[in-house]
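K.L.:
Build the 3D model from these lines:
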Amino acid sequence: MVMAVKGGVPIWGEATTLFNQGVSDLRSNLSGLCLNLSLRKWECCCLGVSLAQRAITPVEDEKPILPWMESAGAIQRVEDTDARGFHKDMNLLPKPLTASDISPSPNDGSKVRVAYQGLPGAYSEAAALKAYPKCETVPCDQFEAAFKAVELWLVDKAVLPIENSVAGSIHRNYDLLLRHRLHIVGEVQLLVNHCLLGLPGVEKEELKCVLSHPQALAQCEMTLSSLGIVRVNTDDTALAAQMVASTGVRDTGAVASSRAAEIYGLQILSDKIQDDDDNITRFLILAREPIIPGTERQYKTSVVFTLEEGPGVLFKALAVFALRGINLTKIESRPQKQHPLRVVDDSNQGSAKYFDYLFYIDFEASMADPRAQYALGHLQEFARFLRVLGCYPMDKIP
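P.N.:
Predicted coordinates:
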């Protein structure tokens, strides 16, 4: 190897000496830098702790545990202070919700405003009082007014009739259920006792005309036919009683409840004039929000759906419930208002028109029951439209 020299001193040796001195100086500088950084870091930590202690203003329910409070006794003293300084009265703490808190109604309905169709003394009012014994009842002139009263937060609930054991379904309310976005949260089954009412001192043989709701008149068809009385429809049984009382026409009577006779000062000319003694009207309780279904009691679920056209499609729809052992309690079909007819092309004979129907079904199962969930999931496979109207506890006649 050839090595260059400078003044008799090898360049390599000079470089080595300079390198050693540089390394030594670098080590000393690094040591000083590390020490300086450590000091600054310590100063920053101290400053941070000091600032943090000045910035944090302890409140009664959030006292910081200082670094020197490391003993269990000190921590316990702080916790005891917290307990004494916050929520001195434990009874003021909010209580957890229980199953009774989320039930569809209070026990007596004392804080509930319930809308119904008709005037005081109507059977709908009696159904509302059966569901909520101490509620404030709000009369409405039409069924749709009761729906809107709930939607506009004027009332909490609405109680409306849906079917009768003698006269059948009330189609108007089926249509309104689909038009409005309310939820069925309960049902009431009311034993209806129709009375023939007249002015005080009038005999039933003197009557030539009787006023009442069409459903009430239909339920008393045999009795009224035997008396040869002309029947006139009104919007409500209680309204009929009020009209008889206000007009004072002796040959005009009304078919209404015994409570209506008491309210409007009429005489009961004949009791239990309905064709069937077991005359039961089923009412639905409607609310803005659905209830949380359970399995601790018997529940009923109401749905509405439409189907594609084809052979056996309705059979398949009903089979989803039968396959899972779910009992159907009601099936009702209503024509679709928006699309009443469906046109099906046929290359041989032109086009065919079919009625397009909505199917309303009630079945005995809770939406918390997996059987109901699987059944509706299965139904969705061939239903063009499906909506759950409500899941609610079943009511029974005592």
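
K.L.:
For the stretch 101-250 of the chain, just list every one of the strands.
P.N.:
Along the stretch 101-250 of the chain, counting by DSSP state E, counting those that start in this stretch, strands occupy 113-117, 136-140, 157-164, 168-169, 183-191, 195-198, 209-212, 230-233.

K.L.:
In the longest one, which residues are buried?
P.N.:
Right, the one you point to is strand 183-191. Residues of strand 183-191 classed as buried: 183-190 (neighbour count, 16 or more other C-beta atoms under 10 Å). C-beta: built from backbone N, CA, C; applies to glycine.

K.L.:
and if you look at stretch 321-341?
P.N.:
Across stretch 321-341, burial judged by 16+ other C-beta under 10 Å covers 321, 324, 326, 332, 334.

K.L.:
would you list the residues you listed in JSON lines and tack on distance to Val232 and pLDDT?
P.N.:
Converted to JSON lines, the buried residues of stretch 321-341 look like this (distance: C-beta to C-beta, whole Å; pLDDT from 0 to 100):
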{"residue": "Phe321", "distance to Val232": "43", "pLDDT": "97"}
{"residue": "Arg324", "distance to Val232": "49", "pLDDT": "96"}
{"residue": "Ile326", "distance to Val232": "44", "pLDDT": "97"}
{"residue": "Glu332", "distance to Val232": "28", "pLDDT": "94"}
{"residue": "Arg334", "distance to Val232": "28", "pLDDT": "90"}
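
K.L.:
ok, of these, which one's closest to Asp175?
P.N.:
Within those, proximity to Asp175 (C-beta to C-beta) peaks at Arg334, which comes in at 6.5 Å.

K.L.:
With adjacent residues omitted, what lies nearest to the closest one?
P.N.:
The shortest distance from Arg334 to any non-neighbouring residue, by C-beta to C-beta, 6 or more residues apart in numbering, is to Leu358 (4.9 Å).

K.L.:
is it true that the one you found touches Ser333?
P.N.:
Yes - Leu358 sits in contact with Ser333 when judged by C-beta atoms under 8 Å, with a separation of 6.9 Å.

K.L.:
three-state assignment of the residue nearest to Arg334?
P.N.:
At Leu358, secondary structure determined by DSSP: H, G, I helix; E, B strand; the rest coil is strand.

K.L.:
Let me know the pLDDT of it.
P.N.:
According to the prediction, Leu358 has pLDDT 92.

K.L.:
Contact partners for it?
P.N.:
178, 304-306, 333-336 (C-beta atoms under 8 Å, 6 or more residues apart in numbering).

K.L.:
got TSV for the residues you listed, with distance to Leu239 and secondary structure too?
P.N.:
Formatted as TSV, the contacts of Leu358 follow (distance: C-beta to C-beta, whole Å; DSSP: H, G, I helix; E, B strand; the rest coil):
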residue	distance to Leu239	secondary structure
Leu178	27	helix
Val304	30	strand
Phe305	36	strand
Thr306	36	strand
Ser333	31	strand
Arg334	27	strand
Pro335	30	strand
Gln336	32	coil
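
K.L.:
Out of these, the closest to Gly248 would be?
P.N.:
Among those, Arg334 lies closest to Gly248 (C-beta to C-beta), at 41.7 Å.

K.L.:
which residues touch that closest one?
P.N.:
171, 174-175, 357-358, 360.

K.L.:
So which of those residues is the closest to Asp271?
P.N.:
The closest of these, once distances to Asp271 are taken by C-beta to C-beta, is His171, at 29.7 Å.

K.L.:
wait, Cys135 sits on Ala127?
P.N.:
No - using C-beta under 8 Å, Cys135 is not in contact with Ala127; the gap is 11.2 Å.

K.L.:
between the two, who's got more neighbours?
P.N.:
A count of neighbours by other C-beta atoms under 10 Å puts Ala127 above the other of Cys135 and Ala127, at 26 against 22.

K.L.:
Report the residue spans of the stretch 251-398 of the chain with pLDDT below the cut-off.
P.N.:
For the stretch 251-398 of the chain, applying pLDDT under 70 flags the ranges 338-355, 398.

K.L.:
How about the stretch 1-150 of the chain?
P.N.:
In the stretch 1-150 of the chain (pLDDT under 70), the answer is 1-110.

K.L.:
let's see it at 90
P.N.:
1-111, 141 (pLDDT under 90).

K.L.:
quick one, phi/psi of the closest residue to Leu197 other than its chain neighbours?
P.N.:
Excluding the flanking residues, the one nearest Leu197 by C-beta to C-beta, 6+ apart is Leu266, at 4.2 Å. With angles defined as degrees, to the nearest 10, Leu266 sits at phi -100, psi 170.

K.L.:
residue contacts, Leu266?
P.N.:
With C-beta under 8 Å, 6+ apart, Leu266 has these contacts: 197-200, 241, 244-245, 254, 260.

K.L.:
now Leu196
P.N.:
Here Leu196 is in contact with 204, 207, 210, 223, 253-255, 268-270, 273 (criterion: C-beta under 8 Å, 6+ apart).

K.L.:
and what of Gln336?
P.N.:
So Gln336 contacts 306, 356-358 (C-beta under 8 Å, 6+ apart).

K.L.:
would you turn those residues into CSV with distance to Phe315?
P.N.:
CSV is the format used below for these (distance: C-beta to C-beta, whole Å):
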residue, distance to Phe315
Thr306, 16
Asp356, 18
Tyr357, 15
Leu358, 17
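
K.L.:
for these, which one is nearest Tyr116?
P.N.:
Leu358 (25.3 Å).

K.L.:
and that closest one, how far is that from Glu308?
P.N.:
According to C-beta to C-beta, to the nearest Å, Leu358 and Glu308 sit 14 Å apart.

K.L.:
picking up where we left off before, list only buried entries from the contacts of Arg334.
P.N.:
Buried among the contacts of Arg334 (16+ other C-beta under 10 Å): 174-175, 357-358, 360.
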